[in-house]
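S.K.: make a model of this:
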Amino acid sequence: MRFERREHRPFYLLIATPVIAIIAALALAGILISIAGAPVLDAYWRILTGAFGSRLSATETLTRATPLMLTGLAAAVAFRARLWNIGAEGQFYLGAIAVAAASSKLLGNLPTPILIPLLLLIGALAGMVLILLPLWLRLRFSVDEVVTSLLMNFIAVLFVSMLIDGVLKDPLAFGWPQSQSVSDHAMLPKLIARSRLHIGFAIAIVLAIVVHFIQSRTVFGMQSRAAGLNPAGAVFAGVPLGRTLVKVACLSGGLAGLAGAIEVMGVKGYVTTDLSPGFGYAGIVVAMLANLNPLGVVFAAIFTATMFVGADGMSRGLGIPTYIADVTVALSLLTMLIALFFTQYRIRR
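M.R.: Below you'll find the model as predicted:
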(Lines give C-alpha, C1' and ligand atoms only; values in the text may rest on other atoms or scores of the structure.)
Protein backbone atom coordinates (compact mmCIF):
# COMPACT_ATOMS: atom_id res chain seq x y z
CA MET A 1 0.00 0.00 0.00
CA ARG A 2 1.34 3.42 -0.93
CA PHE A 3 0.23 7.04 -1.24
CA GLU A 4 0.01 8.40 -4.77
CA ARG A 5 -0.35 12.09 -5.52
CA ARG A 6 -3.54 13.00 -7.35
CA GLU A 7 -3.07 14.60 -10.76
CA HIS A 8 -6.41 16.37 -10.40
CA ARG A 9 -8.46 17.17 -7.32
CA PRO A 10 -12.20 16.91 -8.02
CA PHE A 11 -14.25 19.99 -7.12
CA TYR A 12 -16.70 17.96 -5.05
CA LEU A 13 -13.80 16.68 -2.94
CA LEU A 14 -12.65 20.22 -2.15
CA ILE A 15 -16.19 21.15 -1.08
CA ALA A 16 -16.71 18.01 0.99
CA THR A 17 -13.37 18.20 2.78
CA PRO A 18 -14.25 20.80 5.46
CA VAL A 19 -17.69 19.26 5.99
CA ILE A 20 -16.20 15.81 6.59
CA ALA A 21 -13.53 17.29 8.86
CA ILE A 22 -16.09 19.10 11.03
CA ILE A 23 -18.33 16.01 11.25
CA ALA A 24 -15.34 13.90 12.29
CA ALA A 25 -14.32 16.50 14.90
CA LEU A 26 -17.84 16.60 16.33
CA ALA A 27 -17.91 12.81 16.49
CA LEU A 28 -14.60 12.70 18.36
CA ALA A 29 -15.65 15.50 20.71
CA GLY A 30 -18.90 13.59 21.28
CA ILE A 31 -16.87 10.80 22.86
CA LEU A 32 -15.55 13.25 25.43
CA ILE A 33 -19.04 14.62 26.06
CA SER A 34 -20.40 11.14 26.65
CA ILE A 35 -17.52 10.38 29.03
CA ALA A 36 -18.55 13.52 30.95
CA GLY A 37 -21.97 11.90 31.38
CA ALA A 38 -24.03 14.14 29.09
CA PRO A 39 -26.16 13.20 26.08
CA VAL A 40 -24.18 14.08 22.98
CA LEU A 41 -27.01 15.25 20.73
CA ASP A 42 -28.52 17.33 23.51
CA ALA A 43 -25.12 18.95 24.11
CA TYR A 44 -24.75 19.95 20.48
CA TRP A 45 -28.33 21.19 20.35
CA ARG A 46 -27.62 23.40 23.36
CA ILE A 47 -24.53 24.76 21.62
CA LEU A 48 -26.63 25.62 18.58
CA THR A 49 -29.42 27.25 20.59
CA GLY A 50 -26.87 28.99 22.81
CA ALA A 51 -25.34 30.56 19.72
CA PHE A 52 -28.48 31.29 17.66
CA GLY A 53 -31.45 30.61 19.92
CA SER A 54 -32.28 34.26 20.50
CA ARG A 55 -31.68 37.65 18.98
CA LEU A 56 -29.07 38.44 21.62
CA SER A 57 -27.16 35.19 21.21
CA ALA A 58 -27.21 35.40 17.40
CA THR A 59 -25.82 38.93 17.36
CA GLU A 60 -23.18 37.97 19.93
CA THR A 61 -22.09 35.03 17.77
CA LEU A 62 -21.74 37.23 14.69
CA THR A 63 -19.91 39.86 16.74
CA ARG A 64 -17.45 37.19 17.91
CA ALA A 65 -17.07 35.96 14.33
CA THR A 66 -16.04 39.39 13.01
CA PRO A 67 -12.41 39.47 14.28
CA LEU A 68 -12.10 35.76 13.46
CA MET A 69 -12.97 36.50 9.83
CA LEU A 70 -10.26 39.15 9.59
CA THR A 71 -7.52 37.16 11.34
CA GLY A 72 -8.59 34.13 9.31
CA LEU A 73 -8.20 36.15 6.12
CA ALA A 74 -4.80 37.35 7.35
CA ALA A 75 -3.63 33.77 7.81
CA ALA A 76 -5.19 32.52 4.56
CA VAL A 77 -3.55 35.25 2.46
CA ALA A 78 -0.12 34.62 3.98
CA PHE A 79 -0.27 30.82 3.99
CA ARG A 80 -1.37 30.74 0.36
CA ALA A 81 1.99 32.31 -0.52
CA ARG A 82 3.87 30.14 2.01
CA LEU A 83 4.49 33.12 4.24
CA TRP A 84 3.91 31.57 7.66
CA ASN A 85 2.49 34.53 9.55
CA ILE A 86 1.94 33.28 13.12
CA GLY A 87 2.02 36.86 14.42
CA ALA A 88 -1.60 37.88 13.82
CA GLU A 89 -2.18 38.11 17.58
CA GLY A 90 0.52 40.76 17.97
CA GLN A 91 -0.63 42.57 14.83
CA PHE A 92 -4.17 42.56 16.28
CA TYR A 93 -2.96 44.24 19.48
CA LEU A 94 -0.80 46.76 17.64
CA GLY A 95 -3.71 47.77 15.43
CA ALA A 96 -5.91 48.15 18.51
CA ILE A 97 -3.47 50.31 20.48
CA ALA A 98 -2.69 52.45 17.41
CA VAL A 99 -6.39 53.28 17.08
CA ALA A 100 -6.72 54.07 20.80
CA ALA A 101 -3.66 56.33 20.72
CA ALA A 102 -4.66 58.15 17.53
CA SER A 103 -8.22 58.72 18.71
CA SER A 104 -7.39 59.89 22.24
CA LYS A 105 -4.25 61.89 21.48
CA LEU A 106 -4.33 63.13 17.91
CA LEU A 107 -7.49 62.81 15.84
CA GLY A 108 -10.37 62.79 18.30
CA ASN A 109 -11.82 66.10 17.07
CA LEU A 110 -12.19 65.14 13.42
CA PRO A 111 -15.70 64.64 12.01
CA THR A 112 -17.00 61.06 12.02
CA PRO A 113 -17.00 60.47 8.21
CA ILE A 114 -13.28 61.27 8.15
CA LEU A 115 -12.29 59.89 11.55
CA ILE A 116 -13.59 56.32 11.24
CA PRO A 117 -11.94 55.47 7.88
CA LEU A 118 -8.72 57.16 9.01
CA LEU A 119 -8.58 55.15 12.25
CA LEU A 120 -9.25 51.91 10.38
CA LEU A 121 -6.38 52.75 8.03
CA ILE A 122 -4.08 53.51 10.97
CA GLY A 123 -4.92 50.15 12.57
CA ALA A 124 -4.16 48.32 9.34
CA LEU A 125 -0.84 50.17 8.90
CA ALA A 126 0.18 49.25 12.46
CA GLY A 127 -0.40 45.57 11.69
CA MET A 128 1.66 45.87 8.51
CA VAL A 129 4.62 47.32 10.40
CA LEU A 130 4.81 44.38 12.77
CA ILE A 131 5.01 41.72 10.07
CA LEU A 132 7.61 43.46 7.93
CA LEU A 133 10.45 42.76 10.39
CA PRO A 134 10.03 38.95 10.30
CA LEU A 135 9.72 39.14 6.51
CA TRP A 136 12.90 41.20 6.22
CA LEU A 137 14.77 38.69 8.38
CA ARG A 138 13.57 35.88 6.12
CA LEU A 139 14.50 37.63 2.88
CA ARG A 140 17.83 38.98 4.14
CA PHE A 141 19.11 36.21 6.43
CA SER A 142 16.78 33.24 5.69
CA VAL A 143 15.45 33.33 9.26
CA ASP A 144 12.34 31.19 9.73
CA GLU A 145 9.39 33.58 10.04
CA VAL A 146 7.41 31.03 12.07
CA VAL A 147 9.68 31.69 15.03
CA THR A 148 10.16 35.42 14.56
CA SER A 149 6.49 36.24 13.92
CA LEU A 150 5.46 34.11 16.91
CA LEU A 151 7.93 35.88 19.19
CA MET A 152 6.70 39.25 17.93
CA ASN A 153 3.34 38.43 19.53
CA PHE A 154 4.87 38.56 23.00
CA ILE A 155 6.80 41.74 22.21
CA ALA A 156 3.62 43.42 20.94
CA VAL A 157 1.55 42.45 23.99
CA LEU A 158 4.27 43.66 26.37
CA PHE A 159 4.56 46.90 24.41
CA VAL A 160 0.81 47.42 24.67
CA SER A 161 0.96 46.64 28.39
CA MET A 162 3.66 49.27 28.83
CA LEU A 163 1.59 51.89 27.03
CA ILE A 164 -1.66 51.27 28.92
CA ASP A 165 0.26 51.38 32.20
CA GLY A 166 1.99 54.58 31.12
CA VAL A 167 1.30 57.32 28.62
CA LEU A 168 -2.04 55.91 27.42
CA LYS A 169 -3.40 54.88 30.82
CA ASP A 170 -6.97 55.99 31.46
CA PRO A 171 -6.99 58.19 34.60
CA LEU A 172 -10.67 57.36 35.12
CA ALA A 173 -10.13 53.58 35.24
CA PHE A 174 -9.49 53.49 39.04
CA GLY A 175 -6.01 52.08 38.54
CA TRP A 176 -7.14 49.32 36.19
CA PRO A 177 -4.63 48.92 33.31
CA GLN A 178 -6.57 50.05 30.28
CA SER A 179 -6.03 52.65 27.60
CA GLN A 180 -7.91 55.88 27.22
CA SER A 181 -11.20 55.35 25.42
CA VAL A 182 -11.69 56.19 21.77
CA SER A 183 -14.02 59.14 21.23
CA ASP A 184 -17.73 58.39 21.00
CA HIS A 185 -18.00 59.54 17.41
CA ALA A 186 -15.17 57.14 16.46
CA MET A 187 -17.23 54.08 17.45
CA LEU A 188 -18.55 52.00 14.56
CA PRO A 189 -22.30 52.19 13.87
CA LYS A 190 -24.44 49.26 14.98
CA LEU A 191 -26.02 47.01 12.40
CA ILE A 192 -28.86 46.05 14.76
CA ALA A 193 -30.19 48.37 17.45
CA ARG A 194 -29.70 47.35 21.09
CA SER A 195 -26.99 44.84 20.22
CA ARG A 196 -23.21 44.78 19.94
CA LEU A 197 -23.26 43.73 16.28
CA HIS A 198 -21.57 46.53 14.38
CA ILE A 199 -20.74 47.45 10.82
CA GLY A 200 -17.37 45.72 11.15
CA PHE A 201 -19.19 42.46 10.41
CA ALA A 202 -20.21 43.79 6.99
CA ILE A 203 -16.70 45.16 6.43
CA ALA A 204 -15.21 41.72 7.10
CA ILE A 205 -17.54 40.05 4.58
CA VAL A 206 -16.78 42.67 1.93
CA LEU A 207 -13.05 42.22 2.50
CA ALA A 208 -13.42 38.44 2.12
CA ILE A 209 -15.03 39.02 -1.29
CA VAL A 210 -12.32 41.51 -2.25
CA VAL A 211 -9.51 39.17 -1.22
CA HIS A 212 -11.14 36.32 -3.16
CA PHE A 213 -11.27 38.55 -6.25
CA ILE A 214 -7.63 39.60 -5.80
CA GLN A 215 -6.43 36.01 -5.47
CA SER A 216 -8.45 34.64 -8.36
CA ARG A 217 -8.65 37.50 -10.86
CA THR A 218 -5.50 39.64 -10.58
CA VAL A 219 -1.84 39.35 -11.56
CA PHE A 220 -0.80 39.82 -7.94
CA GLY A 221 -3.08 36.96 -6.91
CA MET A 222 -1.51 34.70 -9.52
CA GLN A 223 1.98 35.70 -8.40
CA SER A 224 1.22 35.04 -4.73
CA ARG A 225 -0.23 31.61 -5.53
CA ALA A 226 2.78 30.81 -7.70
CA ALA A 227 5.10 31.84 -4.87
CA GLY A 228 3.30 29.41 -2.60
CA LEU A 229 3.14 26.48 -5.01
CA ASN A 230 6.75 26.61 -6.21
CA PRO A 231 8.99 29.55 -5.26
CA ALA A 232 11.86 28.45 -7.50
CA GLY A 233 9.53 27.93 -10.44
CA ALA A 234 7.90 31.30 -9.81
CA VAL A 235 11.28 33.06 -9.91
CA PHE A 236 12.18 31.18 -13.11
CA ALA A 237 8.90 32.34 -14.65
CA GLY A 238 9.74 35.96 -13.83
CA VAL A 239 7.72 36.49 -10.66
CA PRO A 240 9.46 39.07 -8.40
CA LEU A 241 9.39 36.85 -5.32
CA GLY A 242 10.64 39.38 -2.77
CA ARG A 243 8.29 42.12 -3.93
CA THR A 244 5.37 39.70 -4.02
CA LEU A 245 6.01 38.53 -0.47
CA VAL A 246 6.20 42.13 0.74
CA LYS A 247 2.77 42.80 -0.77
CA VAL A 248 1.39 39.60 0.74
CA ALA A 249 2.84 40.53 4.14
CA CYS A 250 1.31 44.00 4.00
CA LEU A 251 -2.09 42.58 3.11
CA SER A 252 -1.91 39.90 5.80
CA GLY A 253 -0.62 42.19 8.55
CA GLY A 254 -3.05 44.90 7.52
CA LEU A 255 -6.03 42.55 7.89
CA ALA A 256 -4.88 41.44 11.35
CA GLY A 257 -4.27 45.03 12.45
CA LEU A 258 -7.68 46.00 11.07
CA ALA A 259 -9.23 43.25 13.19
CA GLY A 260 -7.81 44.89 16.31
CA ALA A 261 -8.98 48.32 15.22
CA ILE A 262 -12.51 47.08 14.53
CA GLU A 263 -12.70 45.23 17.85
CA VAL A 264 -11.82 48.43 19.73
CA MET A 265 -14.01 50.73 17.67
CA GLY A 266 -16.92 48.33 17.44
CA VAL A 267 -17.09 46.55 20.81
CA LYS A 268 -14.71 47.55 23.59
CA GLY A 269 -13.94 51.22 23.10
CA TYR A 270 -10.56 50.85 24.83
CA VAL A 271 -7.59 48.48 24.97
CA THR A 272 -6.64 46.02 27.71
CA THR A 273 -4.15 43.16 27.64
CA ASP A 274 -7.04 40.67 27.57
CA LEU A 275 -8.71 42.34 24.59
CA SER A 276 -8.16 39.22 22.51
CA PRO A 277 -9.01 35.73 23.80
CA GLY A 278 -6.70 34.39 21.10
CA PHE A 279 -8.24 35.80 17.92
CA GLY A 280 -4.88 35.76 16.17
CA TYR A 281 -4.20 32.10 16.88
CA ALA A 282 -7.81 31.07 16.24
CA GLY A 283 -7.53 32.78 12.86
CA ILE A 284 -5.06 30.09 11.82
CA VAL A 285 -7.64 27.42 12.61
CA VAL A 286 -10.28 29.37 10.70
CA ALA A 287 -8.03 29.69 7.65
CA MET A 288 -7.23 25.98 7.64
CA LEU A 289 -10.87 24.99 8.07
CA ALA A 290 -11.62 27.16 5.05
CA ASN A 291 -8.85 25.46 3.06
CA LEU A 292 -7.30 28.94 2.69
CA ASN A 293 -10.33 30.07 0.67
CA PRO A 294 -11.30 33.67 1.53
CA LEU A 295 -15.03 33.01 1.08
CA GLY A 296 -14.77 29.85 3.14
CA VAL A 297 -13.17 31.88 5.92
CA VAL A 298 -16.53 33.60 6.53
CA PHE A 299 -18.30 30.30 7.22
CA ALA A 300 -15.38 28.83 9.17
CA ALA A 301 -15.31 31.92 11.41
CA ILE A 302 -19.04 31.63 12.10
CA PHE A 303 -18.61 27.94 12.95
CA THR A 304 -15.77 28.70 15.34
CA ALA A 305 -17.71 31.54 16.96
CA THR A 306 -20.73 29.27 17.29
CA MET A 307 -18.67 26.75 19.25
CA PHE A 308 -17.21 29.41 21.56
CA VAL A 309 -20.47 31.27 22.25
CA GLY A 310 -22.73 28.22 22.35
CA ALA A 311 -20.44 26.34 24.74
CA ASP A 312 -21.54 28.67 27.55
CA GLY A 313 -25.16 27.59 27.17
CA MET A 314 -24.16 23.93 27.04
CA SER A 315 -22.06 24.32 30.16
CA ARG A 316 -24.88 25.97 32.12
CA GLY A 317 -27.45 23.40 31.01
CA LEU A 318 -25.46 20.18 31.29
CA GLY A 319 -22.56 21.03 33.57
CA ILE A 320 -19.93 20.29 30.90
CA PRO A 321 -16.80 22.47 30.95
CA THR A 322 -16.75 25.13 28.24
CA TYR A 323 -13.29 23.92 27.28
CA ILE A 324 -15.02 21.28 25.17
CA ALA A 325 -15.42 24.07 22.57
CA ASP A 326 -11.63 24.55 22.46
CA VAL A 327 -11.18 20.79 22.11
CA THR A 328 -13.72 20.64 19.28
CA VAL A 329 -12.09 23.49 17.37
CA ALA A 330 -8.65 21.92 17.84
CA LEU A 331 -9.97 18.56 16.64
CA SER A 332 -11.48 20.34 13.63
CA LEU A 333 -8.03 21.61 12.70
CA LEU A 334 -6.45 18.17 13.04
CA THR A 335 -9.17 16.41 11.06
CA MET A 336 -9.01 19.13 8.41
CA LEU A 337 -5.27 18.62 7.99
CA ILE A 338 -5.82 14.89 7.55
CA ALA A 339 -8.67 15.51 5.10
CA LEU A 340 -6.51 17.93 3.10
CA PHE A 341 -3.83 15.27 2.85
CA PHE A 342 -6.30 12.87 1.26
CA THR A 343 -7.45 15.50 -1.20
CA GLN A 344 -3.87 15.58 -2.51
CA TYR A 345 -3.06 11.87 -2.26
CA ARG A 346 -4.91 8.61 -2.85
CA ILE A 347 -4.14 5.17 -1.46
CA ARG A 348 -2.91 2.59 -3.98
CA ARG A 349 -2.56 -1.10 -3.24
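
S.K.: quick one: the strands in the stretch 201-349 of the chain?
M.R.: Listed in chain order, the strands of the stretch 201-349 of the chain (DSSP state E, counting those that start in this stretch) span 345-348.

S.K.: in it, where is pLDDT below threshold?
M.R.: Residues of the stretch 201-349 of the chain meeting the criterion pLDDT under 70: none.

S.K.: and residue 236, how many neighbours?
M.R.: The tally of other residues near residue 236 (other CB atoms under 10 Å) stands at 9. For the C-beta atoms, the positions are set from N, CA and C on the backbone; glycine is no exception.

S.K.: please read the previous query as pertaining to residue 280.
M.R.: By the criterion of other CB under 10 Å, residue 280 has 26 neighbours.

S.K.: just residue 231 next, same as before
M.R.: 16.

S.K.: now do the closest residue to it other than its chain neighbours against residue 224, distance only.
M.R.: Taking CB to CB, 6 or more residues apart in numbering, and ignoring the residues beside it in sequence, residue 231 has residue 241 as its nearest neighbour in space, at 6.0 Å. In this structure, residue 241 and residue 224 are 10 Å apart, going by CB to CB, to the nearest Å.

S.K.: higher neighbour count, these two?
M.R.: In this comparison of residue 241 against residue 224, neighbours counted by other CB under 10 Å, the higher total goes to residue 224 at 26 against 16.

S.K.: residues in contact with the more buried one?
M.R.: Contacts here follow CB atoms under 8 Å, 6 or more residues apart in numbering; on that basis residue 224 touches 77, 80-81, 215, 244, 247-248.

S.K.: if you set the cut-off to 7 Å instead, what comes out?
M.R.: Taking CB atoms under 7 Å, 6 or more residues apart in numbering, we find residue 224 in contact with 80-81, 215, 244, 248.

S.K.: if you rank the residues you listed by neighbours, which is first?
M.R.: The member of those surrounded by the most neighbours (other CB under 10 Å) is residue 81, with 28 neighbours in all.

S.K.: contacts only, for that residue.
M.R.: Taking CB under 7 Å, 6+ apart, we find residue 81 in contact with 224, 227-228, 244-245, 248.

S.K.: and for residue 241?
M.R.: Contacts were defined as CB under 7 Å, 6+ apart; by that measure residue 241 touches 227, 231, 234-235.

S.K.: now do the residue nearest to residue 231 against residue 74, distance only.
M.R.: The value you get for residue 241 to residue 74, if CB to CB is used, is 20 Å.

S.K.: got it, and residue 260?
M.R.: 11 Å.

S.K.: these two: which has the busier surroundings?
M.R.: residue 260 (36 against 33).

S.K.: list the helices and strands the helix ranked longest in the chain packs on?
M.R.: In the chain, taking DSSP state H as the definition, the longest helix is helix 112-141. Contacting helix 112-141 under the criterion 3 or more CB pairs under 7 Å, 6 or more residues apart in numbering; DSSP states H and E are the following elements: helix 88-101, helix 145-164, helix 241-263.

S.K.: taking helix 88-101 as reference, get the angle to the longest one.
M.R.: Helix 241-263 runs at 60 degrees relative to helix 88-101, counting by axes from the mean of the first three to the mean of the last three CA atoms, to 10 degrees.

S.K.: turn the helices and strands packed on helix 112-141 into a markdown table, columns for distance to residue 294.
M.R.: As requested, those are exported to a markdown table (distance: least, CB to CB, whole Å):
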| stretch | distance to residue 294 |
| --- | --- |
| helix 88-101 | 15 |
| helix 145-164 | 21 |
| helix 241-263 | 10 |
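
S.K.: list the buried residues of the longest helix of the chain.
M.R.: For helix 112-141, the buried set under the neighbour-count rule, 16 or more other CB atoms under 10 Å, comprises 115-116, 118-131, 133-138.
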